[in-house]
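**Q** sequence and predicted model, in that order:
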Amino acid sequence: MGNLFLSDNDLKKIHASSVDILEKTGIRLLHGELIEYLSNFAGIKIDKRTNTLRFNSEIIHDSIKKAKKKFKLFGRDRKRNLA
């Protein structure tokens, strides 16, 4: 399932590293309403002092499963759209 630039092993390493970052380092959000909304989901830990959200691997993998497998990115010029 690799592509022209990355092998399957490369993709697995990138995925594992991304999950590790989301679990251990987290992301910082400055949007109070979004933080409040996400606080309702099990699997998300919020440090309100730093506005940092950390996600457990289960919620990450569940979200990936629910995401569309294909989508289109629209360019300003239709010739530059990506499927």
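**A** Arrived safely. Residues are numbered from 1 along each chain as shown.

**Q** same question for stretch 33-53, mean pLDDT?
**A** The average pLDDT within stretch 33-53 is 93.

**Q** send the alpha carbons of it over as CSV?
**A** Extracted in CSV, the C-alpha atoms of stretch 33-53 (Å, rounded to 0.1, in the frame of the first residue of the first chain):
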residue,chain,number,x,y,z
GLU,A,33,-15.2,26.7,22.7
LEU,A,34,-13.5,23.9,20.8
ILE,A,35,-11.6,22.8,24.0
GLU,A,36,-14.9,22.8,25.9
TYR,A,37,-16.5,20.7,23.1
LEU,A,38,-13.7,18.2,23.0
SER,A,39,-13.7,17.9,26.8
ASN,A,40,-16.9,15.8,26.4
PHE,A,41,-15.1,13.0,24.7
ALA,A,42,-13.6,10.1,26.6
GLY,A,43,-10.0,9.5,25.6
ILE,A,44,-9.0,13.2,25.5
LYS,A,45,-7.1,14.6,28.4
ILE,A,46,-7.0,18.4,28.7
ASP,A,47,-4.5,20.5,30.6
LYS,A,48,-6.5,23.7,31.1
ARG,A,49,-3.5,25.5,32.4
THR,A,50,-1.7,25.1,29.1
ASN,A,51,-4.7,24.4,26.8
THR,A,52,-2.9,21.2,25.7
LEU,A,53,-5.0,18.2,24.6
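
**Q** how far does it sit from its chain's centre?
**A** Counting by Cα atoms, centre = their mean, to the nearest Å, stretch 33-53 is centred 15 Å from the centre of its parent chain.

**Q** also stretch 21-40?
**A** 12 Å.

**Q** make sure Val19 is actually in contact with Ile60.
**A** Yes: if you go by Cβ atoms under 8 Å, Val19 and Ile60 touch, sitting 5.5 Å apart. All C-beta atoms are positioned from the backbone trio N, CA, C, and that covers glycine.

**Q** which other residues reach stretch 47-55?
**A** Here stretch 47-55 makes contact (Cβ atoms under 8 Å, 6 or more residues apart in numbering) with 22-30, 35, 38, 43-46.

**Q** many thanks, have a good one.
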